[in-house]
Structures are given as C-alpha cells and as structure tokens.
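Undergrad: A structural model of the following input is requested.
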Amino acid sequence: MSTEPSFREKYSFPASYWNANLTELFERAAYYSMASFIVIYLGRLGLGDYWPSTLNGILWFLVYFLPILSGTIADQIGFRRSLLMACVLLVCGYFLMGYPVWFGGQTLALQAGKDVTAGLGVMVPVAAAIVLIGVGGSFVKPCIAGTVQRTHLGKATLAFAIFYMVINIGSVFGRLTAFYVRTKLGKLDTIFIVSMIAALLAFLVVMLLYRDPETAVDPDKPKHSLADIFFGMFKVLRSGRFALFLVVSSGFYFIYNQVYNVLPLYVKKTVELSPAMDLYTMANPITIVLFQLLITKLLGKLPPIKSIIIGTVIIGLAMLINVAPLYMAGGVTLRVWLPLGSLFVVMTVALIAFGELFASSRLYEYIGSLAPKGQEGLFLGYANLPMAIGSLVGGPAGAWLFNKVMCAGAVKLPSGLLALDPKAAATGWIILTLFGLGSAASLWVYNRWLQRQAI
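TA: Residues are numbered from 1 along each chain as shown. The predicted model follows:
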C-alpha cells in the first residue's frame with residue numbers, strides 16, 4: 001500500500017490559511033493595479049525627474065520596513081483587527097492618490113517634465129496617500145505571513161510556496177483589471193479606482209471569513225506599551241549574523257525595485273509614449289504562477305541561502321539583456337509585436353521572476369523558521385527588511401542612473417521621446433548587472449563565513 005499522501009492530505013490547511021491567502025490576493029491586486037504606473041503618474045502630475053522614483057522608493061520602504069513595528073502590534077491586538085484597520089487605510093490611501101485629478105483640478109501632462117511644477121494641491125494628498133498605503137500595507141504582510149507560519153501543519157515550504165503564488169495571482173488580477181479599466185475609460189488615474197475596489201474586497205473577506213489562528217492572541221501574554229514595542233524592534237538585530245544577512249540580501253531587492261523605477265521611465269521616455277506597463281510587468285507574476293510549484297518541487301530542498309544566491313545572479317543578468325536592442329538594426333523603435341525595447345523589457349521582467357522563484361519565498365521560509373513561538377509577526381516582519389533597504393536606496397538611485405547615466409547625451413525627438421546614446425544606455429544596464437553580481441558574491445562570502453563559524 002502506498003504511503004504517499006493523497007492530494008487532499010497534501011494540500012490540506014486550516015480555513016484561516018486559505019482565507020488569509022484570499023485576503024492577500026485582493027490586497028496585492030490593489031497594490032499592483034497602480035504599482036507599474038506610479039512613477040509615470042507622479043511624473044505627469046508635475047513632480048519632475050527625481051521625486052516620482054524617490055516617493056515610490058519611500059512607499060515601498062514603508063510597506064516593507066514598518067512590519068517590524070506593525071507585526072508586533074498585530075501580535076498584541078490580533079491579526080483580524082489589524083487586517084480590518086489596514087484595509088481601511090489602504091482604501092483611503094488609494095483615494096488620496098487619485099484625489100489631485102478627481103477633485104483637485106489637476107490635469108495629467110502627456111509626458112513628464114524635468115522640473116517640479118506641482119504645488120501643495122498635489123504634494124499634500126500624494127504624501128498622505130504614500131503614508132496611508134505604506135502603513136496599511138505594513139500591517140497586511142506580517143498578519144498574512146504570520147497566519148501561514150502558524151497554520152502550515154509542518155508543511156512550511158509548500159505553505160509558503162502557495163502563499164507566494166497567491167500573491168502573484170493577485171498581481172495578475174490587479175494588472176489585468178487596471179489595464180481594462182484605464183484603456184476602456186482612457187484615463188490613467190482610474191487605476192486607483194481599481195485599487196480602492198480591490199482593497200474593499202480584501203476588507204470584506206476579513207470581515208466575513210477570516211478568523212485569527214488559535215495562537216494569534218495569547219490572553220496570558222503580557223501587554224507592552226508602544227515604547228516597549230518600538231524598542232523591541234531592535235532585539236533581533238543584536239544578532240550580528242542575522243543583521244548582516246539582512247544587509248547583504250538587500251542587493252537582490254535593489255535590482256528588483258528597478259522594475260518599478262527604471263523600467264517604466266526607460267520605456268515611457270525612450271521607447272513608446274503610451275506603454276502598457278501593467279501588461280509588460282505582468283510577465284513577472286505570470287512566470288511565477290506557472291513555475292512556482294515546479295521550482296519548489298525540483299529545488300525545494302536546496303538550502304535557502306544558496307537558493308537566494310542563485311536568484312540574485314539571475315536578477316542581475318536579467319538587466320544585461322537590455323543592451324541587445326540598443327545595437328540591433330532599427331534600435332529600440334523596431335516593431336515586432338511591440339517596440340523592440342519594450343519586448344526586451346518584458347523578457348527582463350520574466351527573467352527577474354525566475355530570480356524571485358529562487359530567492360523571495362525562501363527568504364520568508366528562512367526567517368519564519370527563526371521566529372520564536374508567539375512572535376511570528378515580529379520576526380516575519382524582518383523578512384521584508386531587505387526589500388525596505390533595497391527600495392529606499394533603489395528609488396533615488398534608479399532615477400539618478402536613468403537620468404544621469406542612461407540619458408547622458410540623449411536627443412529629444414519630435415515625437416517627444418528621447419534618442420539615447422547606445423554607449424551611455426548600455427553603461428546604465430551594465431552597472432545594474434554588476435551590482436546584482438556583486439550582491440550575489442557578497443551572499444556567497446557570507447555563507448562561507450557562516451560555515452566557518454559552525455566549525
């Protein structure tokens with residue numbers, strides 16, 4: 001008689017696990033409905049060459065840094081309450097992001113200008129939106145990841161693989177819906193309406209279906225003041241090994257962040273005036289959805305640190321392929337199914353997804369395994385810290401790399417697009433590649449150092 005578990009036994013998880021994943025699906029749909037266009041939208045609002053990417057970097061930083069604090073609060077008040085509050089903040093944040101156009105009398109320019117022309121009527125609601133979306137998103141991540149950690153029934157690798165796949169299903173759903181709505185209505189700002197509706201659906205899932213895992217709130221657990229919680233963030237960083245891991249692994253996310261900073265700017269300003277960035281970047285979640293379980297099955301036993309190193313090498317090399325169309329006949333304007341430059345960007349995004357398959361889900365698994373019982377929300381918040389570091393640096397650095405390196409010597413065409421100097425543009429892509437490979441090398445050195453420490 002076969003001892004292999006049946007399909008139902010293998011994929012059997014508590015209801016809280018599946019409802020948490022459904023909540024994550026809608027929350028990610030909300031976020032990625034607008035993520036591919038945020039730097040383009042802010043640029044067209046008059047925020048100049050650098051503020052759009054800088055603000056986008058701050059937004060990603062808040063979403064991935066604040067779980068260190070919000071995860072602790074969620075452990076105290078319960079995941080369900082935290083998620084309900086988070087969804088309300090997200091709905092309000094997405095509303096404020098669209099407010100300058102909907103109610104503030106602002107008009108989106110056809111192309112972003114170099115200088116900042118936006119006034120307080122744009123800056124104030126946009127800044128408030130970034131804070132609300134950042135804070136709201138920061139509560140979702142530790143609550144959902146914490147639920148997965150507490151309900152995986154000894155199948156952590158599979159549970160987190162499914163969780164990560166659901167994230168990307170939500171990403172595809174959000175992008176497709178946003179593409180349909182904005183093209184149907186002909187307005188870029190309508191992507192925030194899609195985000196609001198998706199966040200509202202997440203709220204309804206939590207309200208009607210989600211319940212805290214049994215260990216989500218411990219009545220005997222002592223309560224702490226906000227000051228205690230804040231200073232408690234640093235206790236994990238007392239481990240030099242763990243703190244060093246967080247720093248060296250952030251290089252992967254520095255490169256990943258350029259999918260939402262450099263790539264949209266590159267396509268919008270040098271390849272085509274109306275790029276379908278939501279569809280182009282959708283190559284990332286589609287690739288992950290198609291290959292996540294296969295990669296997990298074939299390489300799930302690979303040590304997490306080695307898997308992250310492989311992923312970092314892949315994501316670095318993904319940037320290098322954008323050099324090819326710069327020297328091909330017809331340049332970046334040669335059309336196949338779409339402009340050649342855009343086609344290679346889609347290929348880049350798909351290849352980056354393979355890097356994620358090796359790195360991102362294993363990062364959750366690695367840090368989740370280190371979490372003491374009852375503190376999963378706090379410790380899994382640290383799984384997002386490398387993304388926070390990479391995003392905070394990646395936003396302004398990506399804007400600088402595009403505007404000062406890639407666009408050096410560029411000539412503005414009658415169409416409004418920039419004709420790039422191939423050598424300057426290639427230099428920018430090569431810098432990103434070398435940074436990715438350098439990050440992988442630092443992870444390899446870190447791993448060797450750990451092995452020697454264990455001897």
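Undergrad: please identify the helix or strand for the residue nearest to V131 when sequence neighbours are not counted.
TA: Spatial nearest neighbour of V131, chain neighbours left out: L62 (7.1 Å); criterion: Cβ to Cβ, 6 or more residues apart in numbering. From N, CA and C alone the C-beta is placed, and that goes for glycine too. L62 is part of helix 51-65, with elements assigned from DSSP states H and E.
Undergrad: now do that helix: everything it contacts.
TA: Defining contact as Cβ atoms under 8 Å, 6 or more residues apart in numbering, one finds that helix 51-65 is touched by 31, 38-43, 47, 112, 116, 126-127, 130-131, 133-135, 137-138, 141, 257, 260-261, 265, 384-385, 387-388, 391-396, 398-399, 402.
Undergrad: stretch 110-130 too?
TA: The contact list for stretch 110-130 (Cβ under 8 Å, 6+ apart) reads 40, 42-49, 51-52, 55, 58-59, 62, 93-97, 99-100, 104-106, 268-269, 273, 416.
Undergrad: and that stretch, how far out from the chain's middle?
TA: Between the centre of stretch 110-130 and the centre of its chain there are 22 Å (Cα atoms, centre = their mean, to the nearest Å).
Undergrad: about what we covered before: list the buried ones in the helix or strand following the helix holding L62?
TA: Note on helix 51-65: by DSSP H and E, the next helix or strand toward the C-terminus is helix 67-77. Neighbour counts over helix 67-77 (16 or more other Cβ atoms under 10 Å) mark 67-76 as buried.
Undergrad: same thing with stretch 426-435?
TA: Residues of stretch 426-435 classed as buried under the neighbour-count rule (16+ other Cβ under 10 Å) are 426-429, 432-433, 435.
Undergrad: between these, which sits nearest K187?
TA: For the buried residues of stretch 426-435, the closest approach to K187 (Cβ to Cβ) belongs to G428, at 31.5 Å.
Undergrad: what strand or helix carries that closest one?
TA: Using DSSP H and E, G428 falls within helix 422-454.
Undergrad: follow-up on the earlier one: quick check: the residue nearest to V131 vs P396, distance?
TA: As defined by Cβ to Cβ, to the nearest Å, L62 lies at a distance of 15 Å from P396.
Undergrad: which one's more surrounded, those two?
TA: For L62 and P396, the more surrounded residue by other Cβ atoms under 10 Å is L62, and the numbers stand at 22 against 18.
Undergrad: check the gap between that one and F173 for me.
TA: Going from L62 to F173 by Cβ to Cβ gives 24 Å.
Undergrad: which elements pack onto the helix holding G428?
TA: helix 240-257, helix 262-270, helix 304-320, helix 324-327 (3 or more Cβ pairs under 8 Å, 6 or more residues apart in numbering; DSSP states H and E).
Undergrad: in the stretch 301-450 of the chain, which ranges drop under the pLDDT threshold?
TA: For the stretch 301-450 of the chain, the stretches with pLDDT under 70 are 329-337, 361, 364-381.
Undergrad: what do you get if the cut-off is 90, keeping everything else the same?
TA: Within the stretch 301-450 of the chain, the segments meeting pLDDT under 90 span 301-309, 325-341, 356-387, 415-417, 443-444, 446-450.
Undergrad: quick one: distance of stretch 271-279 to the chain centre.
TA: Mean-position distance between stretch 271-279 and its chain equals 19 Å (Cα atoms, centre = their mean).
Undergrad: for that stretch, give the mean pLDDT please.
TA: Mean pLDDT, stretch 271-279: 91.
Undergrad: quick check: end-to-end length of that stretch?
TA: Taking Cα to Cα, to the nearest Å, stretch 271-279 runs 15 Å from one end to the other.
Undergrad: flag every buried residue along that stretch.
TA: 271-272, 275-279.
Undergrad: check these and tell me the two furthest apart.
TA: Farthest pair in those, by Cβ to Cβ: V271 and D278, 15.5 Å.
Undergrad: mind listing what's buried along stretch 179-192?
TA: Residues 179, 181-182, 188-192 are the ones in stretch 179-192 that count as buried (16+ other Cβ under 10 Å).
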